[in-house]
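[1] coords please:
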Amino acid sequence: MTGLLDRLTFSPTNYWLGFTLDFSVSVTMIVAGAAAAGPAPALAALLAGAAVFSFYEYVLHRWLYHVLPTAVRRLHRIHHAEPQRLIGAPIFFSLGVFALSWGLALVAVSRATAAVLAGTILFAYAYHGAVHHLVHARRFRGNGMFARLQRHHLIHHAPGHDRVNYGVTTTIWDRAFGTCHASATRRRDPAGASARRS
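    From the prediction side, this is the model:
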């Protein structure tokens, strides 16, 4: 089974298909759910989904990718060694997380509101993948949002700094938990592609 998962994880087709499916499914669910739920529940679900994902991103990256002895940690080490390599979670992973999120949300809210919440979590996951790809694929200049996120993330990739700057799309949780580090003595060149969701 590990061989199949590795082939999927390192497949450029899986990498790009993951983006396509994640963005397509998430936007469809957000739009359909919002139309049925109404403006107030849809807005609440959008905000909740974005908040949930930002925390999810931090927790997974900090503990699942760097601390716990998991297969994901092994793959993440490959990403740190080869940040230009296209590494993407198998496409069924994100859709499974979406289904689980929707199922859990159904305990507390309507089907339509749950669709917006789960769709937002999936959209945020896809956005995370896109930002992660871009911060490794190109060099941002100045002090715009992507330049700041790139500087933050590349510190995480600098030798001896893999225990700081876990956030990719936001620095809020790094600041809250004291893992935000403002500089590194050496930074890797961001040229090349990224390891999406690693």
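
[2] Pull up the gap between the residue nearest the centre of the chain and G160, please.
    In the chain, the residue lying closest to the centroid (C-alpha atoms, centre = their mean) is H128, at 3.7 Å. Separation of H128 from G160 (C-beta to C-beta, to the nearest Å): 24 Å. In this view, the C-beta of every residue, glycine as well, is placed from N, C-alpha and C.

[3] Quick one: residues in contact with stretch 148-156.
    131-132, 134-135, 139-140, 161-162, 164-169, 171, 174, 180-184, 187-188, 190 (C-beta atoms under 8 Å, 6 or more residues apart in numbering).

[4] same thing with stretch 120-134?
    18-19, 22-23, 25-27, 29-30, 45-46, 48-50, 52-54, 56-57, 88, 94-95, 97-98, 101, 140, 146, 149-150, 153, 168-169, 193-198.

[5] ok, 6 Å please
    22-23, 26, 46, 49-50, 52-53, 57, 94, 98, 101, 168-169, 194, 196-197 (C-beta atoms under 6 Å, 6 or more residues apart in numbering).

[6] got it, and stretch 38-50?
    34, 113, 116-117, 120-121, 124.

[7] buried residues in that stretch?
    41-42, 45-46, 48-50 (16 or more other C-beta atoms under 10 Å).
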